[in-house]
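pasting the sequence and the predicted coordinates here, then a few questions.
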Amino acid sequence: MSSTKDTLFSNPVESLSSFKFDSAVVNVFPDMIQRSVPGYQTIIYAIGLLAARYARDHSVCYDLGCSLGAATLSMRHQMSAKHCKIIAVDNSAAMLQQFKKNLQDDKGEIEVDVVCADIRDLCIENASVVVLNFTLQFLPVADRDAFLKKIYQGLLPGGILILSEKLSFEDEKQQTLQTDLHHLFKKSQGYSDMEISQKRSALDNVLIAETFANHQQRLQAVGFSSVAVWFQYFNFASIVAIK
Ligand code: GEK
């Protein structure tokens, strides 16, 4: 994958437009996400471990909002289910163009279908594993219940959803603390205060974080029988929900 350094917000931008997953972002994406999301690599690796445990023969694993396919490739390299395929979906054509190039150099044997679509319009069926790795947070809150219901209905009994999200906190002190800790993390990764604050403004109204309690309640309401956080690093968490 490209390792071009993310400097998108390093100069003052007069009027910040909303963040978009366009070709400028694609070029720096691996660097951006690793330096912005604490624990990203650990989560990616563990998605492969979870898929190795839960992917069933003759079923489908979905990677929804796949970007450059890091979660897809982790699953592909660690799963051993037979006659299983991965469907990787994103609505950014620029992301998928680069992902398809990366796939050509990948030696994994499991079939991967790369689909350019809005994940809300997708038909989900015969799924043993569904991954939403930092994607749900970009859907309007009003669409999240129906979308998760659709995922639940498309999962086989015993199948899992892996849901990673930036979290918000009901408790104001925690909200401030976790936000500060995230900024310290980004500074430690080489981002300047200006880059951090400009990126935050660009993501305003684009990335809508919810509390863990919100996520848990929604997942239980759509039917998941078991919901737990398996990883958290400051305000970034990954949840596993079992049907
Ligand atoms: C990873 N999962 O590296 N339909 C399809 N794709 C969407 C939609 C939508 N409605 N909304 C957003 N996306 C990846 C990282 S990035 C997270 C996921 C981040 C896509 C969007 O185009 C982008 O590629 C991805 O969701 C979110 O494991 O950049 O913070």
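Yep, it's here. Numbers count the residues shown, from 1 in each chain.

need the residues of the chain near the ligand, please.
21, 33, 65-67, 70-71, 89-92, 95, 118-120, 133-135, 138-139 (C-beta under 6 Å from any ligand atom). C-beta here means a position set from N, CA and C on the backbone, and glycine is covered the same way.

in strands only, show me these.
Here DSSP state E is the test, and the residues of the chain next to the ligand give V89, D90, N133 as lying in strands.

TSV for these, including pLDDT?
What follows is these, written out as TSV (pLDDT from 0 to 100):
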residue	pLDDT
V89	98
D90	97
N133	98
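
other SSEs contacting the helix or strand harbouring K186?
Using DSSP states H and E, K186 falls within helix 172-188. Using 3 or more C-beta pairs under 8 Å, 6 or more residues apart in numbering; DSSP states H and E, the elements in contact with helix 172-188 are helix 193-203.

could you check how far F185 is from T4?
Look at F185 and T4: by C-beta to C-beta, to the nearest Å, they are 21 Å apart.

now the element after the lowest-mean-pLDDT helix or strand in the chain, going C-ward?
Ranking every helix and strand in the chain by mean pLDDT, DSSP states H and E puts helix 193-203 at the bottom, with a mean of 75. Where DSSP H and E defines the elements, the next helix or strand beyond helix 193-203 is helix 212-222.

skipping adjacent residues, who's closest to the residue of the chain found nearest the ligand in space?
The minimum distance from the chain to the ligand, using C-beta to the nearest ligand atom, falls at G65 (2.9 Å). Using C-beta to C-beta, 6 or more residues apart in numbering and skipping the chain neighbours, the partner closest in space to G65 is T135 (2.7 Å).

what's the answer for D143, then?
R120 (6.0 Å).

K166 contacts L207, doesn't it?
Yes: judged on C-beta atoms under 8 Å, K166 makes contact with L207 at a distance of 6.5 Å.

so what sits against both of the two?
Each of Q137 lies in contact with both K166 and L207 under the rule C-beta atoms under 8 Å, 6 or more residues apart in numbering.

any idea of the mean pLDDT for stretch 219-230?
Averaging pLDDT along stretch 219-230 yields 98.

chain center to it, what's the gap?
Centroid displacement of stretch 219-230 relative to its chain, using C-alpha atoms, centre = their mean, to the nearest Å, is 18 Å.

how about residues contacting that stretch?
Contacts of stretch 219-230 (C-beta under 8 Å, 6+ apart): 46, 145, 148-149, 151-152, 161, 163, 212, 215-216, 237-243.

how about 7 Å then?
Residues outside stretch 219-230 that contact it (C-beta atoms under 7 Å, 6 or more residues apart in numbering) are L148, K149, Y152, F212, Q216, A237, S238, I239, V240, A241, I242, K243.

which strand runs longest in the chain?
Using DSSP E to define each element, the chain has its longest strand at strand 155-166.

next, the angle helix 193-203 makes with that strand.
Put simply, strand 155-166 runs at 140 degrees to helix 193-203, going by axes from the mean of the first three to the mean of the last three C-alpha atoms, to 10 degrees.

wait, what's in contact with the residue of the chain closest to the ligand?
Contacts of G65 were listed using C-beta under 7 Å, 6+ apart, and they are D90, I119, L132, T135.

pick out the most distant pair among the residues you listed.
The two members of the contacts of G65 with the most space between them (C-beta to C-beta) are D90 and L132, at 11.9 Å.
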